[in-house]
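J.: Provided below are the primary sequence and the corresponding predicted coordinates.
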Amino acid sequence: MTELPSEDASADAGAHPEARPEALPQVRPEALPQVRPEVRPESVPQVRPEARPEARPEDQPQVRPGAHPEAPEVRPEALPQVRPEARPEARPEDQPQVRPGAHPEAPEVRPEALPQAQPESVPQPQPGSPPCPPSPRVEFAELLEAEFVRRWPGRSAGLDAVHRYAMIPPGKLLRPSLVLHAALTVGGELGAVLPAAVGIEGAHVGSLLHDDIIDRDTERRGRAAVHTEFGPAQAVVAGNALFFSWFAALSECRRLGVPADRVARAVAVQAEAGVAICRGAFDELAMRGDLELGVDAYVAMARAKTAVLLAAACRVGVILGGGDAPTTELLGDFGDHLGICFQIRDDVLPYDPIAAPAMGKPSDSDVRNRCPTLPVLIAHRRAGPESRAALRHALLDETEPALALCRIRAVLERTGALDTAHAMADDYARRARELLTRLPATAHVAHVRALALLTRPAH
């Protein structure tokens with residue numbers, strides 16, 4: 001089984017791999033230049049974060065293939081010219097004499113940019129497991145955004161212009177990250193599954209375009225919603241197109257070398273998930289205004305509305321990456337637990353005075369649309385007659401959303417409903433992380449760790 005960091009470990013723990021002696025640059029004594037006597041070696045390499053260090057040629061590491069990706073970038077013009085042969089020996093007469101302040105192009109080395117060894121928090125691969133990527137926490141945000149820009153460039157017009165506005169800048173990129181990490185966990189190739197990751201983000205954004213119309217929300221991700229900017233009809237059509245692009249992306253994976261049988265299985269998973277998501281959205285509409293709704297009914301709705309797509313992201317990633325059926329189901333269950341956890345945390349945000357302003361959408365949307373979210377349902381079940389009446393009036397009859405939100409928050413705090421909702425979310429996150437420990441020993445440790453980190457709160 002794959003060992004994970006403890007639940008109390010920092011989200012950033014393991015962000016750098018162990019420093020290995022063989023990864024350090026080898027400096028030969030004959031390659032060191034002669035320095036002036038007044039410059040003492042022990043006084044030079046002391047680097048303070050606030051000061052730019054005095055770079056000397058002998059301090060420049062030899063760049064070798066596979067060197068640590070987080071090492072400071074060394075510009076070619078800052079290095080002495082060497083012969084074309086591989087790894088030439090530096091001659092003293094080729095090295096310039098370095099004086100304080102005499103090398104303005106030397107890269108700045110910050111201590112925090114150097115790899116920190118944390119052996120006790122980094123799970124070690126089991127014998128026979130594939131090699132891990134350089135960094136235990138692999139981020140795909142820049143890669144995905146670059147792919148969005150390539151597909152929807154700045155000169156886009158018509159439907160593509162709407163898609164560019166909806167996709168760029170991106171949101172949390174949780175779903176495409178799940179596709180990529182799941183695929184790489186089982187040894188898949190990043191380039192071959194990248195289109196599937198882009199496609200699932202398109203499907204998610206397409207659902208948001210429709211949600212904003214249904215909920216009459218005029219803002220999304222801190223700016224005008226697509227239907228506000230381009231019109232409701234245009235938003236509906238653009239959302240539909242993004243749904244189809246989700247499936248078109250799988251044909252790209254086929255052209256990039258993913259076997260046809262894997263693509264066919266991924267199509268089936270996506271189609272099933274698409275229908276379930278629509279069913280969840282339909283059920284949510286039917287639940288509006290129903291404060292007698294039980295917690296079990298809420299969880300079922302949240303699973304269909306949100307968790308199904310996260311589970312599909314994990315399953316599609318494993319399938320395209322070549323994983324077996326047990327791993328596909330295990331990571332699918334991980335996505336299911338993560339999705340419910342994510343939905344509960346999203347429901348709590350409007351009642352958090354610190355996090356609510358950073359939501360990027362109206363915090364009163366659920367109240368304005370009379371949606372009985374989990375903390376509201378918990379409070380209604382626990383409250384006495386007077387508080388129940390206040391809760392019902394605020395959700396169903398209050399005409400001023402901001403006032404309704406304030407009154408509901410007061411009931412949630414009195415009943416402890418917010419703490420209970422947080423605890424439920426944390427429990428789903430814990431169960432999701434526990435599933436990861438059941439992965440086979442051949443799983444890529446770095447990507448298993450990255451999946452575990454996705455279960456932690458973003459706020």
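T.: Ah, there it is.
J.: distance of W246 from V198?
T.: Between W246 and V198 the distance is 9 Å, computed by C-beta to C-beta, to the nearest Å. Backbone N, C-alpha and C define where each C-beta goes, glycine included.
J.: tell me which of these two has more neighbours.
T.: W246 (24 against 21; other C-beta atoms under 10 Å).
J.: where does that one land on pLDDT?
T.: pLDDT for W246: 96.
J.: so it sits in a helix?
T.: Yes: counting by DSSP: H, G, I helix; E, B strand; the rest coil, W246 is part of a helix.
J.: that one touches G202, doesn't it?
T.: Yes: between W246 and G202 a contact is recorded at 5.8 Å, counting by C-beta atoms under 8 Å.
J.: A394 and V367 touch, don't they?
T.: Yes: judged on C-beta under 8 Å, A394 makes contact with V367 at a distance of 7.4 Å.
J.: between the two, which has more neighbouring residues?
T.: The neighbour count for A394 versus V367, taken as other C-beta under 10 Å, is higher for V367 (26 against 22).
J.: ok, the more buried one - contacts?
T.: Residues in contact with V367 (C-beta atoms under 8 Å, 6 or more residues apart in numbering) are P350, A394, L395, E398, P401, A404, L405, I408.
J.: change it to 7 Å
T.: L395, P401, A404, L405, I408 (C-beta atoms under 7 Å, 6 or more residues apart in numbering).
J.: D397 too?
T.: Shown in contact with D397 (C-beta under 7 Å, 6+ apart): no residues.
J.: please tell me how far it sits from A390.
T.: Counting by C-beta to C-beta, the gap from D397 to A390 is 11 Å.
J.: kindly report the same for V316.
T.: Look at V316 and A390: by C-beta to C-beta, they are 45 Å apart.
J.: neighbour count winner among those two?
T.: V316 (36 against 17).
J.: so the more buried one sits right up against V267, yeah?
T.: No: using C-beta atoms under 7 Å, V316 is not in contact with V267; the gap is 9.2 Å.
J.: for this structure, what are the low-confidence residue spans?
T.: By pLDDT under 70, the low-scoring segments of the chain are 1-139, 459.
J.: and the residue lying closest to G321 once chain neighbours are set aside, how far from L194?
T.: Nearest non-adjacent residue to G321, counting by C-beta to C-beta, 6 or more residues apart in numbering: G188, 2.5 Å away. G188 is 10 Å from L194, where distance means C-beta to C-beta.
J.: tell me, how many residues neighbour the residue nearest to R221 when sequence neighbours are not counted?
T.: By the measure of C-beta to C-beta, 6+ apart, the closest residue to R221 outside its immediate chain neighbours is G360, 4.4 Å from it. A count of neighbours around G360, defined by other C-beta under 10 Å, yields 12.
J.: tell me the phi and psi of G360?
T.: phi 80, psi 0 (degrees, to the nearest 10).
J.: identify the residues contacting it.
T.: Contacts of G360 by C-beta under 7 Å, 6+ apart are R220, R221, G222.
J.: so A249 makes contact with E201?
T.: No: using C-beta under 7 Å as the test, A249 is too far from E201 to be in contact (9.7 Å).
J.: now what about stretch 326-342, what contacts it?
T.: Under C-beta under 7 Å, 6+ apart, the answer for stretch 326-342 is 178, 182, 186, 299, 302-303, 306-307, 310-311, 313-315, 318-319, 425, 428-429, 431-432, 435-436, 438-439, 451, 454-455.
J.: on that earlier part again, which ones among the contacts of G360 are found in strands?
T.: R220 (DSSP state E).
J.: of the contacts of G360, just the buried ones, ChimeraX syntax please.
T.: A single ChimeraX command selects the buried members of the contacts of G360 (16 or more other C-beta atoms under 10 Å):
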select :220
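J.: reformat the contacts of G360 as a markdown table; add distance to V275.
T.: Formatted as a markdown table, these follow (distance: C-beta to C-beta, whole Å):
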| residue | distance to V275 |
| --- | --- |
| R220 | 25 |
| R221 | 27 |
| G222 | 32 |
